[in-house]
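1. I need the structure of the sequence given here:
(chains A and B)
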Amino acid sequence: MVDQTTVSKLRLAYARRRIDAFLAQIDQLRASSFPHKDFELALDGLEEFARNEAANLELPPNFDEEVIDKACFQIMEVVERHTHFLGFILRSTNVRNAFELHDPLRALIRKVIGDQARVLISAEWNFIPFTYPRNIDSLPNFVLIGTPATDAGNMLVAPLAGHEIGHSIWTRHDFAEDLEQRIRKETSQVLEADEARTRRLLDEFGMNDLGISIVQDTCAKRALRQLEEIASDLLGLQIFGASYLYAYEYLLAPSGYPQDLNYPSERKRLHILQEQSEALGIEVDGEVYERWKEKPVDSRRRDMFSVVNEIVDACMMPLRAKLTKTTTELSLDAPTDEDIAPVLSAFEKGVPYNGKASLGAIATAGWNYTRKRSGLAGDDEEKERRLVNDLMLKTIEVNEYNSRIANA
Amino acid sequence: MLSVVQIFERLNPDAPDNSRISIVPAPDSTRAVNRGGTSVDLRLGRWFRSFRQSQDRYYPLYHSTEKQRSTHRPMNTKEHFVPFGEEFVLHPNRFVLGVTLEWLSLPADLSGYVTGKSSLGRHGLVIETAAGIHPRFSGCLTLELANVGEVPLVLSPGMEVCQIFLHETAAADSGTVGTFSGRRKPSVELPKKDEIFDRLHGRTVDDSPAE
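-> Prediction:
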């Protein structure tokens, strides 16, 4: 018969070795040349978190087996979940990244979620738009912004950071709490309005009428997730103006991905963004909204998609009201044509803009230049493409320089 | 050669397009004009490029054939980004490329040169001497920085590191030297193809030896 104490002893030993190896990786990373202090502070935070978790392994081998197994499992989870972030931090040191973005992006994030906010910008080898985890419990004040490794230095994709900032605003400004009651109410109404559909959903869940609260809860949660994505899009648009849509198109068009219940359909997202840009008076080239593809929803899931869709539609008005209130409180103003024109004019002369300009105005000017030149994708346009990127990043740096001098 | 006052007249946004100089971020005009003279100080930027030790036995500064040119492998270098408020230490006998913080853009009728600041030179920091700046140049100036002194030197982005002198060219340049050439980082490039040198080495365009 196997001695359970020996099993416990080995399991605890392996868990200790794994967490020690994780801590050793942190030590190795400290030797890297970090472009900004936030990355070192992130390592401090991860180390403290890991050491606290390691303390849970201080158990004698003859202790309750369940407790030991739970402690070992927790270590396994910690190491697996956080190793990914060590990679993220390591890739942040690569000079392919646009380091000039860090300070202005952090200033923007501090404005919307508080002075304690810190930012990690890095490149992702397995980048999937909008699905990057926004933050982790062990680093509560850090906003993580992942860019595709191939475009890490490309300032034109930076506006998509607005979506990640949007998620932080959603959390920090209690969007979910404020909308929850309305979502519950609309969910009940939507399910009551079409009994046959609700019956099919109950069948799909394998439940009788008593299971309605589970169906309601599932639909409400999905609707909440979709509303968060919509809010993050709209906040991205508010911060970065038309450049948000251009970057969105650059990375995602023509789409054609399978639909996901956690996200509104691409066409719906574009439609909502179009409505909002018109409402805010943001000038956007109409081509952006054209020819987006969608895979049809799996017939077995069609009912769930339609219910969630209707709940989201019914909650758009309170969501817009909350957005207006929040963006007004935060003084988040979309870049105007007057903000963008002088930056574009400087770029057309081949020089960075020396005046004060928001990230949104700079990115939109860069996009306007690029779109006027049909995307600058020609073999003979490589120099010009690089120049526009350098002009945008230099303008960002000049703004930081001027701001530091003015505020000193 | 332009005086400081003349340089700042041309820096004015209202100056005609064909004679306007751009220096971004703008230098402190009051300080420069009060000091007088004929140069404008420029500051150190945040990007550096250092040279790595390599397994290569040597590095050719010219290419014998077109094939060599097309398969050219860049020198083994490493880029560094130093935020404002941080430092870069240049050790004795080490060489690094830096860049001016300012983006400089010249009109067709001006050229100039960049020199180090004597106050830094006296401490052992040498910057490429009298590097030419052509009409229509646009971009950040790459600076060759060498510590020829005895102690490590601490550099920090934003410090005044060099000065530019500008003068009018006899006839306005009609070339395209500045078109899309601007860069914000220090770059390392080999000299451009030199047909006379190729002929001297007995090579024709298709690389076959000349008869």
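2. and the next helix or strand past the worst-scoring helix or strand of chain B on mean pLDDT?
-> Lowest on mean pLDDT, DSSP states H and E among the helices and strands of chain B sits helix B:66-70, with a mean of 75. Following helix B:66-70 in sequence order, the next helix or strand is strand B:77-81 (DSSP states H and E).
3. how deep is residue B:151 tucked in, by neighbour count?
-> 10 (other C-beta atoms under 10 Å in any protein chain shown). Where you see a C-beta, it was placed from the backbone N, CA and C, and this is true even at glycine.
4. where does the residue lying closest to residue B:26 once chain neighbours are set aside fall, phi/psi-wise?
-> In space, and not counting its chain neighbours, residue B:26 is closest to residue A:354: 5.6 Å by C-beta to C-beta, 6 or more residues apart in numbering or on different chains. Here is the backbone geometry of residue A:354 (degrees, to the nearest 10): phi -90, psi -10.
5. over to residue A:258?
-> phi -60, psi 150.
6. what about it, how many neighbours?
-> There are 9 residues near residue A:258, going by other C-beta under 10 Å.
7. quick check: the closest residue to it other than its chain neighbours vs chain B, distance?
-> Using C-beta to C-beta, 6+ apart and skipping the chain neighbours, the partner closest in space to residue A:258 is residue A:295 (4.8 Å). Residue A:295 sits 41 Å away from chain B, going by C-beta to the nearest C-beta, to the nearest Å.
8. ranges for the strands of chain A?
-> A:118-124, A:142-148 (DSSP state E).
9. tell me which residues are up against the first one.
-> Spelled out, that is strand A:118-124. With contacts defined as C-beta atoms under 8 Å, 6 or more residues apart in numbering or on different chains, strand A:118-124 is touched by A:38-39, A:41-42, A:88-89, A:91-92, A:94, A:96-98, A:101-102, A:105-106, A:109, A:132, A:141-149, A:152, A:161.
10. ok, that strand: who's next to it in the sheet?
-> strand A:142-148 (parallel) (DSSP bridges).
11. give me the distance between the strand it pairs with and the centre of its chain.
-> 7 Å (C-alpha atoms, centre = their mean, to the nearest Å).
12. for residue 130, report the pLDDT, please.
-> Reading this off chain A. On pLDDT, residue A:130 comes in at 56.
13. that's the wrong chain, I meant chain B
-> Looking at residue B:130, the pLDDT reads 59.
14. kindly report the same for residue B:180.
-> For residue B:180, the predicted pLDDT is 67.
15. can you check the one 3 residues further on too?
-> With respect to pLDDT, residue B:183 scores 89.
16. quick one: low-confidence ranges for chain B?
-> By pLDDT under 70, the weakly predicted segments of chain B are B:129-130, B:172-180, B:203-211.
17. contact residues of it facing chain A?
-> Within chain B, the positions lying close to chain A (C-beta under 8 Å from any C-beta of the partner chain) are B:17, B:22, B:24-26, B:46, B:78-81, B:83-84, B:101, B:103, B:105, B:138-140, B:158, B:178-185.
18. list buried residues within these.
-> B:22, B:24-25, B:46, B:81, B:83, B:101, B:103, B:105, B:138-140, B:158, B:178, B:180-185 (16 or more other C-beta atoms under 10 Å in any protein chain shown).
19. show me those that map onto helices.
-> Within these, no residue falls in helices by DSSP state H.
20. let's have the strands of chain A in TSV, adding mean neighbour count and mean pLDDT.
-> Below are the strands of chain A laid out as TSV (neighbours: other C-beta atoms under 10 Å in any protein chain shown; pLDDT from 0 to 100):
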stretch	mean neighbour count	mean pLDDT
strand A:118-124	22	88
strand A:142-148	23	87
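21. got the confidence number for the residue most central in space within chain A?
-> The centre of chain A sits closest to residue A:164, judged by C-alpha atoms, centre = their mean, with a distance of 3.0 Å. Model confidence at residue A:164, given as pLDDT, is 89.
22. how many other residues sit next to the residue nearest to residue A:258?
-> By other C-beta under 10 Å, neighbour count at residue A:295 equals 12.
23. need the contact list for it.
-> Contacts of residue A:295 (C-beta under 8 Å, 6+ apart): A:256, A:257, A:258, A:259.
24. phi and psi next, for the last one.
-> Meaning residue A:259. Residue torsions, per degrees, to the nearest 10, at residue A:259 are phi -80, psi 150.
25. hang on, it packs against residue A:265?
-> Yes. With contacts counted by C-beta atoms under 8 Å, residue A:259 reaches residue A:265, the gap being 5.6 Å.
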